[in-house]
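Undergrad: what's the 3D shape of this:
(2 chains)
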Amino acid sequence: NAGVTQTPKFRILKIGQSMTLQCTQDMNHNYMYWYRQDPGMGLKLIYYSVGAGITDKGEVPNGYNVSRSTTEDFPLRLELAAPSQTSVYFCASRLSGQRRNEQFFGPGTRLTVL
Amino acid sequence: GQQLNQSPQSMFIQEGEDVSMNCTSSSIFNTWLWYKQDPGEGPVLLIALYKAGELTSNGRLTAQFGITRKDSFLNISASIPSDVGIYFCAGQKGGSEKLVFGKGTKLTVNP
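TA: Sure thing, here's the model as predicted:
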């Protein structure tokens, strides 16, 4: 299994541009998450999904959109990039079930908005 | 947004020394998790704790779920150079999908 994969690894955007960060997992996990990590900070939850067709807002959802059409994929969309969205973005997934809170993270996408 | 108070922020130790770090919160969590992050990588789960008072080991790592459910501790014994990285605690409340993360403890191990 490749685990959680993210593309691209790096991206520079101009203010106002849009882009989609891709996330795929091959572990048949039903839960998937998007986090952002700002320098010197812990991760903050942007959006999450408990299964295909179901998404919900996390702590910092403004400026982002998500969709979950398949179990494997959970893309994150930035419509109008702003400098405040400069961050490292991590996708994660896990299986549901009691005492199964372990989230597995992808390698991250480093995004800079200029 | 809520964040956990994680300390210390950074540690510089000699190889072979033991390390302790902790996280505290003003509110109760049902789950505590400890992650390690290497430069340019995503966090990797080290230990998960599900019950107040629980003490769990993973090799040289030991973590405890505080009895008040508002804190957790991570100890690393006999540190080695590959222990270098940033360690994050994360708490999760019952019925919530949201993990609340600490700001991390940056560990440097001098050979």
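Undergrad: Where in chain A is the helix or strand with the lowest mean pLDDT?
TA: strand A:104-105 (a mean of 90; mean pLDDT, DSSP states H and E).
Undergrad: Ok, chain B next?
TA: Result, chain B / mean pLDDT, DSSP H and E: strand B:99-101, a mean of 90.
Undergrad: now chain B, which segments are flagged as low pLDDT?
TA: Counting by pLDDT under 70, chain B contains low-confidence ranges at B:1-2.
Undergrad: of all the residues in it, which ones are close to chain A?
TA: B:1, B:3-4, B:6, B:31, B:33, B:35, B:40-45, B:48, B:50, B:88, B:90, B:92, B:97-104 (CB under 8 Å from any CB of the partner chain). C-beta here means a position set from N, CA and C on the backbone, and glycine is covered the same way.
Undergrad: May I have the helix or strand that the least confident helix or strand of chain A is followed by as CSV, with CA atoms only?
TA: The helix or strand immediately downstream of strand A:104-105 is strand A:109-113, counting by DSSP states H and E. The C-alpha coordinates for strand A:109-113 follow below in CSV (Å, rounded to 0.1, in the frame of the first residue of the first chain):
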residue,chain,number,x,y,z
THR,A,109,1.8,20.1,0.1
ARG,A,110,3.8,23.3,0.7
LEU,A,111,1.8,26.2,-0.8
THR,A,112,3.0,29.7,-1.1
VAL,A,113,0.7,32.6,-2.2
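Undergrad: Cool, thanks, talk later.
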